[in-house]
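Enquirer: Here is a sequence together with a model predicted from it:
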Number of protein chains: 2
Amino acid sequence: MAKEITARSEDYSQWYIDIVKKAGLADNSAVRGCMVIKPHGFAIWEKMRDQLDAMFKESGHVNAYFPLFIPKSFLSREAEHVEGFAKECAVITHHRLMNDPNGGVVVDPEAKLEEELIVRPTSETIIWNTYRDWINSYRDLPLLINQWANVVRWELRTRLFLRTAEFLWQEGHTAHATREEAIEEAERMQQIYADFAEEWMAMPVIKGVKTPQERFAGALETYTIEALMQDGKALQAGTSHFLGQNFAKAFDVRFLNEHNQEEFVWATSWGVSTRLVGGLIMTHSDDDGLIIPPRLAPTQVVIVPIPKPSPEIGAVADRLMAELRAEGVSVQYDRDDKKRPGFKFAEHEMRGIPVRLGIGKRDLEKGQVEVARRDTKEKTFQPLEGVGPFVKQLLADIQAKLYQRAQAFREAHTTRVDSYEDFKAVLEQDIPGFISAHWDGTDETELRIKEETKATIRCIPQDEEAEAGVDMLTGKPSARRVLYAKAY
Amino acid sequence: MAKEITARSEDYSQWYIDIVKKAGLADNSAVRGCMVIKPHGFAIWEKMRDQLDAMFKESGHVNAYFPLFIPKSFLSREAEHVEGFAKECAVITHHRLMNDPNGGVVVDPEAKLEEELIVRPTSETIIWNTYRDWINSYRDLPLLINQWANVVRWELRTRLFLRTAEFLWQEGHTAHATREEAIEEAERMQQIYADFAEEWMAMPVIKGVKTPQERFAGALETYTIEALMQDGKALQAGTSHFLGQNFAKAFDVRFLNEHNQEEFVWATSWGVSTRLVGGLIMTHSDDDGLIIPPRLAPTQVVIVPIPKPSPEIGAVADRLMAELRAEGVSVQYDRDDKKRPGFKFAEHEMRGIPVRLGIGKRDLEKGQVEVARRDTKEKTFQPLEGVGPFVKQLLADIQAKLYQRAQAFREAHTTRVDSYEDFKAVLEQDIPGFISAHWDGTDETELRIKEETKATIRCIPQDEEAEAGVDMLTGKPSARRVLYAKAY
């Protein structure tokens, strides 16, 4: 049986790893910190990518592709940027191997590069160096470009999907004529990420801005969406940065405005990554395995013949599949004639297929089919006639239910506190969750709380009324509450 | 005006570069040999990728993703493979930079990797190292996996799209229980590539197998599709390899067959890359710019208001766009009110949009629209009523015509020769093309001809009757003709 996964209550981290591996999502690789994304995991990422890509194009963006490598000197151009990335990057120093007289191959010392190349940890520098050639006048703006790419950050502690040395992502890099337009763009993309997270991943998120401490290296403002995982830790699920003119100045990208004056260009960048797959797993799944929101499920419905395939069941399954596909539902028929139904049920549950239809001989006689939903495990019998529309509606229900469940969970695990004692007490709980508290706005307080409790300010929420108060630690005045949590 | 490109007859190489740059397809980057794929070029690649991906999935393949990095020792495992790739690879030796007291950043000598990592030039080694864990029994086979990825080969002489240090591609890596099945798979994928080239790119190809000299490093057989460019040079457009058990042996990948006996697994790999964009350009384009076959054109139709946008023309354009989109045609309206129509015509021609619709005030009065096709430059007036179906048919005609034109060109530039003198004479022509000649089957003859003439054996054609003869150079017996050409 496929059910051998650790329970969440027993060991949450192990539960997560078990799901990733047993649902066939990803594996560790022979290269430290790099993962292999297996077909089922990749199919979920493809669904995410296709939907996000459609939303980007809908909002006027186009795709392009920039080099994997960044000359070392580019990184140093923007002071904060290099601080943020220099310590965790893969460095290419040579361009050739040679045979080793002792067998195998060794680096050819003759093939040393004049200037080392960095495998991109993010592409602001190489892209802004390119934009210098593309932008001359306000007529060339805005430039609304996205790329889907792999990036590398040499993380020491890695965890499949959530933090890996190499990961897949998209990075948008836009150029604008005015500060206001750039800020509008950064906020627009944050909203697109929030819509995607909520409507497609069924993962409720808090929109907010980062504190200066937590900003992207080189940004003037970082907009974020923050989700809450089932262990009460927060996940930063997507960020959108207003970069001001920092990169335009670093790479000398100027344009002639409508009044024929030269100005530096305004910039944004924004990205989400395969980390979202980790967020999806941890938002919805249970002790039987993965749960995928129907809108992102590569296969939404599986039909299982009971106890095994027969021509009669096969004929009905074919008809059902045609009917479901006509409704836009993706469906598979489990033709395996070696595994028993119980084993198959567990396997499809482990892989998170939202709806299972079981058909046995008696069901055929009665003109019915057994419908099992993955999220609640409820089973009902439905008349064969009209199963298509029924299942389509059921998938929509599951999508909505998953969102509601996650939202209820987040509400149950968001606490307002006014004293540091209460704050620490909440963090001691099994599922600490979000903590809404006052902050005096200083780096010192933020860093001290982080050091003492491991909790960080996830964001200053945007959709919340400002409310004056005092910092729970220092007693200094605070203009509004911020959201703290332990985080991935 | 956008028409400033070099004529093919004047300087073919420069013509190619001019089109790549002026049609907005790609640019050189700050990193030697790496290109920036610009939005228009990337949109064409996306259309190619989406169609190929659909064909792969249709034939039972799934996507996955393997690490960018390959441990150096993996490369040495398969002797021919390392010979083929070690001399042109990017080597990562360190994982951190540090501040340089003199400013900027330098490689941190403390952060040297124990074992160097290679940026994948192709992924057989890392993938077969992974397959060892995935394959135990014949029930795990076949494994039909593809990945879309970037790869790096440190080429010294690069040319945008055709040969770049980094390029985008797909690489299929399949595992099979028998030799026959693996060969069947390698041939199936060659056929899929041929179908794609001919039906989508409108680029006729010759299917053949490579000589041992020209095989992929580590393959027992390399199947290829070869196209002829307008300068009479051949382009290898896609290859599919039967790898035998070489990689299974190198990475110890065995399985239990149905008789419970242990065997090494049989392998294939196959790939096409952004090089196809170069092939598309060089197959169809002319001295006015790019020509894109309609099935791969990101925008198939552009509507140009004459002399400039007006509410009346806008209303008709909206109606036309709705009608065309309903027919599945992608269409844009050129709203720019600063450029003159002549300039716009040249620009859209340069970018290769297959059909242009011009609408002026007099056309509105007459209830007509001017239809210009990019391939032949023919213009006709069509009644506004029924333009949708007319344009849809026209796009199909252009697609067919482009293929026929390319095929006629190839036929006109394929020569059968029986003497080495004739062979060399053909190669001296302006457009040498394919040369069908006898070959004695030895490496020596092949290498000598390559050295003396720069022509190589592109393939031993599969769809041609065997015909006995004698080698044109050595006079030794030959079982069949092979196809020579100078090549990219």
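Expert: Done, it's in. Bear in mind the structure is a predicted one, so any value in this text is a computation, not a measurement.

Enquirer: Hmm, residue A:471 is touching residue A:446, no?
Expert: No: using Cβ atoms under 8 Å as the test, residue A:471 is too far from residue A:446 to be in contact (10.1 Å). All C-beta atoms are positioned from the backbone trio N, CA, C, and that covers glycine.

Enquirer: Just the element for residue A:172, please.
Expert: If you go by DSSP states H and E, residue A:172 is part of strand A:166-176.

Enquirer: For that strand, list every residue counted as buried.
Expert: A:166-176 (16 or more other Cβ atoms under 10 Å in any protein chain shown).

Enquirer: go on, stretch A:452-466?
Expert: A:453, A:455-461.

Enquirer: Next: stretch A:397-416.
Expert: Buried-residue list, stretch A:397-416, by 16+ other Cβ under 10 Å: A:398-399, A:402-403, A:405-406, A:409-410, A:413-415.

Enquirer: What about those residues, which are in helices?
Expert: A:398-399, A:402-403, A:405-406, A:409-410 (DSSP state H).

Enquirer: Check whether the strand holding residue A:172 comes near chain B.
Expert: Yes: applying Cβ under 8 Å from any Cβ of the partner chain, one finds strand A:166-176 in contact with chain B at A:166, A:168.

Enquirer: I'd like to know the average pLDDT value across that strand.
Expert: Strand A:166-176 shows a mean pLDDT of 98.

Enquirer: what's that strand packed up against?
Expert: Applying 3 or more Cβ pairs under 8 Å, 6 or more residues apart in numbering or on different chains; DSSP states H and E, we find strand A:166-176 packed against helix A:39-58, helix A:124-134, strand A:143-152, helix A:179-195, strand A:266-273.

Enquirer: List the residues that contact residue A:364.
Expert: When contacts are counted by Cβ atoms under 8 Å, 6 or more residues apart in numbering or on different chains, residue A:364 touches A:312-313, A:316.

Enquirer: Which ChimeraX command selects the buried ones in these?
Expert: Buried subset of those, written as a ChimeraX selection, criterion 16+ other Cβ under 10 Å:
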select /A:313,316
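
Enquirer: now, which of the buried residues of stretch A:452-466 sits nearest residue A:442?
Expert: The shortest gap between residue A:442 and any of the buried residues of stretch A:452-466 belongs to residue A:457, at 11.3 Å (Cβ to Cβ).

Enquirer: for the strand or helix carrying the closest one, packing partners?
Expert: Per DSSP H and E: residue A:457 is located in strand A:456-461. When contacts are defined as 3+ Cβ pairs under 8 Å, 6+ apart, strand A:456-461 sits against strand A:206-209, strand A:221-228, helix A:443-453, strand A:481-485.

Enquirer: And the next helix or strand past the second one?
Expert: Beyond strand A:221-228 on the C-terminal side, the first helix or strand identified by DSSP H and E is strand A:234-244.

Enquirer: Now do that following strand: distance to the chain's middle.
Expert: 11 Å (Cα atoms, centre = their mean, to the nearest Å).

Enquirer: How many residues are close by residue A:222?
Expert: 25 (other Cβ atoms under 10 Å in any protein chain shown).

Enquirer: Skip the chain neighbours and tell me the closest residue to it.
Expert: Of all residues beyond its chain neighbours, the one nearest residue A:222 is residue A:210 (4.0 Å), with distances taken as Cβ to Cβ, 6 or more residues apart in numbering or on different chains.

Enquirer: Would you mind giving me the confidence score for the closest residue to residue A:169 other than its chain neighbours?
Expert: Leaving aside its chain neighbours, residue A:169 sits nearest to residue A:273 (3.5 Å; criterion: Cβ to Cβ, 6+ apart). On pLDDT, residue A:273 comes in at 98.

Enquirer: tell me the contacts of residue A:273?
Expert: Per Cβ under 8 Å, 6+ apart, neighbours of residue A:273: A:167-170.

Enquirer: ok so, going back, contacts with chain B among the contacts of residue A:364, please.
Expert: Okay, of the contacts of residue A:364, nothing touches chain B (Cβ under 8 Å from any Cβ).

Enquirer: Surely residue A:218 is in contact with residue A:77?
Expert: No: counting by Cβ under 8 Å, residue A:218 sits too far from residue A:77 to count as a contact (9.9 Å).

Enquirer: neighbour-wise, which of these two wins?
Expert: Higher neighbour count among residue A:218 and residue A:77: residue A:218, with 25 against 20, using other Cβ under 10 Å.

Enquirer: Quick check: phi and psi on residue A:364?
Expert: Dihedral angles of residue A:364 (phi, psi; degrees, to the nearest 10) stand at phi -60, psi -40.

Enquirer: For the closest residue to residue A:162 other than its chain neighbours, what is the enclosing helix or strand?
Expert: Among residues not flanking residue A:162 along the chain, residue A:278 sits closest, at 4.1 Å (Cβ to Cβ, 6+ apart). Using DSSP H and E, residue A:278 falls within helix A:275-284.

Enquirer: For that helix, C-alpha coordinates in CSV please.
Expert: Only the C-alpha atoms of helix A:275-284 are listed here, as CSV (Å, rounded to 0.1, in the frame of the first residue of the first chain):
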residue,chain,number,x,y,z
ARG,A,275,8.4,27.1,-4.3
LEU,A,276,4.7,27.5,-5.1
VAL,A,277,4.5,23.8,-5.5
GLY,A,278,5.7,23.4,-1.9
GLY,A,279,3.1,26.0,-0.8
LEU,A,280,0.4,24.1,-2.6
ILE,A,281,1.4,20.8,-0.9
MET,A,282,1.5,22.3,2.6
THR,A,283,-1.7,24.3,2.3
HIS,A,284,-4.0,21.5,1.4
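
Enquirer: re earlier: which of the helices and strands packed on strand A:166-176 is buried the deepest?
Expert: strand A:266-273 (a mean of 25; mean count of other Cβ atoms under 10 Å in any protein chain shown).

Enquirer: strand partners of that strand, parallel vs antiparallel please.
Expert: Strand pairing for strand A:266-273, determined by DSSP bridges: strand A:166-176 (antiparallel), strand A:234-244 (antiparallel).

Enquirer: Tell me which helix or strand comes right after the last one.
Expert: Put plainly, it is strand A:234-244. Taking DSSP H and E, what comes next after strand A:234-244 is helix A:246-250.

Enquirer: If we go by neighbour counts, what in that following helix is buried?
Expert: So for helix A:246-250, counting by 16+ other Cβ under 10 Å, buried means A:246-248, A:250.

Enquirer: And for chain A, the residue most distant from the center?
Expert: residue A:101 (47.0 Å; Cα atoms, centre = their mean).

Enquirer: if I pick the residue most central in space within chain A, what's in contact with it?
Expert: The residue lying closest to the centre of chain A (Cα atoms, centre = their mean) is residue A:276, at 1.8 Å. Residues counted as contacts of residue A:276 (Cβ under 8 Å, 6+ apart) are A:48, A:197, A:201, A:237-238.

Enquirer: before we move on, the earlier item: okay if I get the helices and strands packed on strand A:166-176 as CSV plus distance to residue A:428?
Expert: Listed next are those as CSV, based on distance: least, Cβ to Cβ, whole Å:
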stretch, distance to residue A:428
helix A:39-58, 34
helix A:124-134, 40
strand A:143-152, 36
helix A:179-195, 31
strand A:266-273, 31
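
Enquirer: For residue A:352, which of these is the nearest?
Expert: helix A:39-58 (8.6 Å).

Enquirer: do the next helix or strand after that closest one and chain B meet at all?
Expert: The helix or strand immediately downstream of helix A:39-58 is strand A:62-63, counting by DSSP H and E. Yes: on the criterion Cβ under 8 Å from any Cβ, strand A:62-63 is in touch with chain B at A:62-63.

Enquirer: can you list contacts of the helix or strand following strand A:62-63?
Expert: Counting by DSSP H and E, the element after strand A:62-63 in chain order, helix or strand, is strand A:69-71. The contact list for strand A:69-71 (Cβ under 8 Å, 6+ apart) reads A:92, A:115, A:117-120, A:123, A:125-126, B:30-31, B:34, B:90, B:166.
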